[in-house]
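Undergrad: Sequence and predicted model, in that order:
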Amino acid sequence: MDPKRPFRTVLTLALGAATAAAVACTSPQRTGSANQVVGTSDGAMEEIVGNARLARQLEIQNPRSRRLDDGRLEVEFDLQNTTSSTLEFAWSVLWYDRDGFRVDDSTYHWRPTTLGGDAVSTLKLVSPTPESDQWRLQVTSPDEVR
């Protein structure tokens, strides 16, 4: 038996794990069938479409944000059903700090919602901590979270 064989096996496994970790860190985040709107405290907003049909039916409009007296970030935006039919969907919000790390939020969960035809609903959310600087609204069909 080659005495160097166990070392090569361990080295190969270690290099494989390091490569997999590097790829995982640099791979773009998958959105699946959820649409996402990413916003920052300065009002910048980016939309990521994972469900084109839902994106045509539900528009995110008029994003607004401000800092409250206690330092937490308040975000407000309108959800508009662009169809004449009732629209069912689920939404959730994730909060991130200035460095892009997720802020712990014990209230995080998907919220099933129904919005009548051509209706608008305003959501007002407050971050769990003053460290929150970014938010990510996720919207998907209700059967995706059941």
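TA: Right, received. Where do you want to start? Numbers count the residues shown, from 1 in each chain.
Undergrad: what's the host helix or strand of residue 93 in contact with?
TA: Following DSSP states H and E, the helix or strand that holds residue 93 is strand 87-97. Residues outside strand 87-97 that contact it (CB atoms under 8 Å, 6 or more residues apart in numbering): 54, 57-58, 73, 75, 79, 81, 102-103, 105, 108-117, 123, 125, 127-129, 131-142, 144-145. In this view, the C-beta of every residue, glycine as well, is placed from N, C-alpha and C.
Undergrad: Also stretch 132-146?
TA: Taking CB under 8 Å, 6+ apart as the rule, stretch 132-146 contacts 32-41, 50-51, 54, 58, 60, 65, 72-73, 75, 77, 79, 88-98, 100, 103, 110, 112, 125, 127.
Undergrad: for the record, mean pLDDT for stretch 128-135?
TA: Stretch 128-135 shows a mean pLDDT of 95.
Undergrad: Flag every buried residue along that stretch.
TA: Across stretch 128-135, burial judged by 16 or more other CB atoms under 10 Å covers 128, 131-135.
Undergrad: Likewise for stretch 81-99?
TA: So, applying 16+ other CB under 10 Å, buried residues of stretch 81-99: 81, 87, 89-96.
Undergrad: Tabulate those (a markdown table), appending pLDDT and distance to residue 46.
TA: Listed next are these as a markdown table, based on pLDDT from 0 to 100; distance: CB to CB, whole Å:
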| residue | pLDDT | distance to residue 46 |
| --- | --- | --- |
| 81 | 98 | 22 |
| 87 | 97 | 23 |
| 89 | 95 | 20 |
| 90 | 95 | 21 |
| 91 | 94 | 17 |
| 92 | 93 | 17 |
| 93 | 93 | 15 |
| 94 | 95 | 14 |
| 95 | 96 | 16 |
| 96 | 96 | 13 |
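Undergrad: quick one on the thing from earlier: could you single out the nearest of the buried residues of stretch 128-135 to residue 46?
TA: Ranked by distance to residue 46 (CB to CB), these are led by residue 134 at 10.5 Å.
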